[in-house]
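**Student:** kindly generate the corresponding structure for this input.
(2 chains)
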Amino acid sequence: MKKILAVTACPTGVAHTYMAAESLIKAAKEKNIPLKVETRGAVGVENEFTEQEIAEAHAIIVAADTDVLESRFAGKPVVKVAVAQAIKNPAGLLEEALAKQASAPVDFAKQVEQSKSERSAARSGPYKHLMTGVSHMLPLVVAGGLLIALSFIFGIEAFKVEGTFAAALMKIGGGSAFALMVPVLAGFISFSIAEKPGLAPGLIGGMLASSIGAGFLGGILAGFLAGYTALFLKKNIKLPRNLEGLKPILLIPLLASAFTGLMMIYVIGEPVKAIMDGLTAWLTGLGTTNAVLLGLLLGAMMAFDMGGPVNKAAYTFAVGLLGSEVYGPMAAVMAAGMTPPLGLFLATLLAKNKFTKEERDAGKSASILGISFITEGAIPFAAGDPFRVIPSIMVGSAITGALSMAFGATLRAPHGGVFVLPIPNAVSHLGLYALAIVIGTVVTAVMLSVLKKPVEQRNQA
Amino acid sequence: MNINALLDEKAIFIPLTSTDKNSIIANMIDGLAASGSVSNKEAYMDAVLTRESTGSTGIGFSVAIPHGKSSGVAKAGLAFAKLSTPTDWQSLDGEPVKVVFMIAVPEAAEGNEHLKILIALSRKLIDSEFREKLMAVEHSDQLKSLLATIE
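**Tutor:** Okay, here's the model as predicted:
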């Protein structure tokens, strides 16, 4: 449904401002148009628009004789009239607003950016700490994974021959980048919790997790442990004024690192190593049926909230496994993350009459986001029609994930979308992998095309 | 909402026999001065006429709401007039006006309570049922009971 915003304002601010508002609200109700009215009167601003509301609005009616901060609406279609007009002809104004051409596709990308940054800002607590760790770890995994793949150009075992270029690539990618993966994950989880004092114990804990073989799971635990320990020490150690400086430089690093380290070695390390070993063994030995089920699950998770916590859980799981040399889930996860925006784009092509011009333009932008593995490209569509879009993308992604696992596709890099596919050895079973992505895209597109009502019928929904 | 706190008997004119816009406004301002709302008639009149010139306050539906914000207003107040002769007000819908609400708003912010009352009244004027009852008012008590129904 097209949402309209209206802002009313008049100089005295007691009469016309509110009568215009009432008039518009009444007319909107009669026509069943979603409308929000911001009033700027003598008692101040009421019902002020949020950035989100402005971004999601189809058009904005400015019925004002005074300033209403129009710069907020840059890029959106605006119907500007004197405030009395809204009292005289509210229905006409609403019609005019509805008829306005939609914003350019450029704004779609901006909308997605905004969704992403709002989600980022809204994260709090342990989830935020985990994501901070993951986001700092990612470049290491990308660089490391791709460099390792590149070393395989010279042959799968080529790196074993000392002094070769392949060996150098493997040393950079596997020996250095990948080796830093878990310590950095732990270090930045801890940093997110306790700031600078948390960094050292986190890095150390992560390094131990890595050397003990407790993998990314151990790293996550080490990160939280180090972080909350450092935080606890930060808050509870009280020192006389002139010794305060010793806290972040000596006491906290020493005590937090010692505590975290000892916990890792004597308590956490071995059990988590056992879990990771078991998990790795299970994943590498997956029979086809279980692999397919895992792929289905991961795929559905990726599409469920397109970049939200469930999606990120599946993603983090897959990325973490790269450090343990398990590459199948990563392939499934990336493929399943590409099909929602791609499927939506295809749907706008297949069923043109069921999408407004606005949506068809947005579809083109979504296609670019889809091939780049930016699942969030599907969010604006899902927000507008969740009960049809979300099931469609979940089914498509689940099928893609299942197929990817069934075909045995593996992926060594945690991101890059279509751009990473041509890199030699980054992906195995490339043809079948691409097929899995195509099939999921088509399934999503067809399902949505069938479910969607033609545009004329939409307003009765 | 106590609208009637802002509406004094001396500012209610049922009926008002003046037949042109300016004398109607002048008479109503006299009423507001008598009730203690307006302290400087010229200053307030100026504000009202200025507002009128920026855009007619004849909002259509036979209703006009002249208003002004001025230092000549001691406290927020309302005046009401039911015209014996429908008068031209250059209204938005081109129709003559039968009922006039005049609103006096003080310059300095004296707290939003009174403003909220005036705002509530303005909003209510968009309601056609309310307007019909307003047109039918014959006596100031009827007016007061009608206004008391505004939340």
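
**Student:** how many other residues sit next to A:A99?
**Tutor:** Neighbourhood size, A:A99 [other C-beta atoms under 10 Å in any protein chain shown]: 12. Quick note: C-beta positions are derived from backbone N, CA and C, even for glycine.

**Student:** let me know the pLDDT of it.
**Tutor:** Here the pLDDT value assigned to A:A99 is 85.

**Student:** lowest-pLDDT helix or strand in chain B?
**Tutor:** helix B:112-124 (a mean of 79; mean pLDDT, DSSP states H and E).

**Student:** the helix or strand following it and chain A, are they touching?
**Tutor:** Per DSSP states H and E, the first helix or strand lying C-terminal to helix B:112-124 is helix B:128-135. No: under the criterion of C-beta under 8 Å from any C-beta of the partner chain, chain A is not reached by helix B:128-135; the shortest gap measures 9.6 Å.

**Student:** buried set for helix B:128-135?
**Tutor:** B:130-131, B:134 (16 or more other C-beta atoms under 10 Å in any protein chain shown).

**Student:** residues in contact with it?
**Tutor:** The contact list for helix B:128-135 (C-beta atoms under 8 Å, 6 or more residues apart in numbering or on different chains) reads B:61-63, B:82, B:98-99, B:124-125, B:143, B:146, B:150.

**Student:** just the ones of these in strands?
**Tutor:** Using DSSP state E, B:63, B:82, B:98-99 are the members of these that sit in strands.

**Student:** hmm, which of those residues are the buried ones?
**Tutor:** B:63, B:82, B:98-99.

**Student:** could you export those residues as TSV, including distance to A:K453 and pLDDT?
**Tutor:** Converted to TSV, these look like this (distance: C-beta to C-beta, whole Å; pLDDT from 0 to 100):
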residue	distance to A:K453	pLDDT
B:V63	43	89
B:K82	52	92
B:K98	48	92
B:V99	47	92
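
**Student:** what's the most distant pair in those?
**Tutor:** Farthest-apart pair in those is B:V63 and B:K82; separation 11.0 Å (C-beta to C-beta).

**Student:** what are the phi and psi angles of B:A11?
**Tutor:** Main-chain torsions, B:A11, degrees, to the nearest 10: phi -110, psi 10.

**Student:** distance of it from B:L143?
**Tutor:** Remark: distance between B:A11 and B:L143 (C-beta to C-beta, to the nearest Å) = 11 Å.

**Student:** before we move on, what about A:A347?
**Tutor:** 60 Å.

**Student:** who has more neighbours out of the two?
**Tutor:** A:A347 (32 against 20).

**Student:** hang on, A:Q101 packs against A:P77?
**Tutor:** Yes: contact criterion C-beta atoms under 8 Å: A:Q101 and A:P77 qualify, at 6.4 Å.

**Student:** who has more neighbours out of those two?
**Tutor:** Per other C-beta under 10 Å, whichever of A:Q101 and A:P77 has more neighbours is A:P77, with 17 against 10.

**Student:** ok, and the closest non-adjacent residue to the more buried one?
**Tutor:** Spatial nearest neighbour of A:P77, chain neighbours left out: A:K100 (3.6 Å); criterion: C-beta to C-beta, 6 or more residues apart in numbering or on different chains.

**Student:** contacting residues for that neighbour?
**Tutor:** Contact partners of A:K100, counting by C-beta under 8 Å, 6+ apart, are A:58-59, A:77, A:79.

**Student:** try it again at 10 Å.
**Tutor:** A:2, A:4, A:58-61, A:76-79 (C-beta atoms under 10 Å, 6 or more residues apart in numbering or on different chains).

**Student:** can you read off the pLDDT for B:M1?
**Tutor:** So, for B:M1, pLDDT stands at 58.

**Student:** likewise A:I156?
**Tutor:** pLDDT recorded at A:I156 is 69.

**Student:** enumerate the residues of chain A near chain B.
**Tutor:** Contact residues, chain A versus chain B (C-beta under 10 Å from any C-beta of the partner chain): A:10-26, A:39, A:41-44, A:46, A:65, A:82-85, A:87-90.

**Student:** before we move on, the earlier item: can you tell me which of the contacts of helix B:128-135 comes closest to chain A?
**Tutor:** B:L125 (6.2 Å; C-beta to the nearest C-beta).

**Student:** right, and the closest one touches A:A20 too?
**Tutor:** No: with contact defined as C-beta atoms under 10 Å, B:L125 does not reach A:A20; the gap is 11.5 Å.

**Student:** okay, those two: which has more neighbours?
**Tutor:** More crowded of B:L125 and A:A20, by other C-beta under 10 Å: A:A20, with 34 against 22.

**Student:** now the more buried one: phi and psi?
**Tutor:** Main-chain torsions, A:A20, degrees, to the nearest 10: phi -60, psi -40.

**Student:** so it sits against A:T8, correct?
**Tutor:** Yes: checked against C-beta under 10 Å, the pair A:A20 and A:T8 is within contact range at 4.1 Å.

**Student:** overlap in contacts, those two.
**Tutor:** With C-beta under 10 Å, 6+ apart as the test, A:A20 and A:T8 both reach A:37, A:39, A:61, A:63-65, A:83, A:86-87.

**Student:** could I get the residues you listed as JSON lines with neighbour count, secondary structure and pLDDT?
**Tutor:** Shown next, in JSON lines, are these (neighbours: other C-beta atoms under 10 Å in any protein chain shown; DSSP: H, G, I helix; E, B strand; the rest coil; pLDDT from 0 to 100):
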{"residue": "A:V37", "neighbour count": "24", "secondary structure": "strand", "pLDDT": "94"}
{"residue": "A:T39", "neighbour count": "23", "secondary structure": "strand", "pLDDT": "92"}
{"residue": "A:I61", "neighbour count": "28", "secondary structure": "strand", "pLDDT": "93"}
{"residue": "A:A63", "neighbour count": "28", "secondary structure": "strand", "pLDDT": "92"}
{"residue": "A:A64", "neighbour count": "23", "secondary structure": "strand", "pLDDT": "89"}
{"residue": "A:D65", "neighbour count": "19", "secondary structure": "coil", "pLDDT": "85"}
{"residue": "A:V83", "neighbour count": "23", "secondary structure": "helix", "pLDDT": "87"}
{"residue": "A:A86", "neighbour count": "29", "secondary structure": "helix", "pLDDT": "89"}
{"residue": "A:I87", "neighbour count": "25", "secondary structure": "helix", "pLDDT": "87"}
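
**Student:** how far away is A:F49 from B:A11?
**Tutor:** For A:F49, the distance to B:A11 equals 38 Å [C-beta to C-beta].

**Student:** before we move on, the earlier item: mind picking the two most distant members of the contacts of helix B:128-135?
**Tutor:** B:K98 and B:I150 (19.7 Å).

**Student:** distance from stretch A:39-59 to the middle of the chain?
**Tutor:** Distance of stretch A:39-59 from its chain centroid, counting by C-alpha atoms, centre = their mean, to the nearest Å, is 27 Å.

**Student:** so what's the closest residue to A:G213 other than its chain neighbours up against?
**Tutor:** Spatial nearest neighbour of A:G213, chain neighbours left out: A:K273 (4.4 Å); criterion: C-beta to C-beta, 6+ apart. Contacts for A:K273 (C-beta under 10 Å, 6+ apart) come out as A:209, A:212-215, A:217-218.
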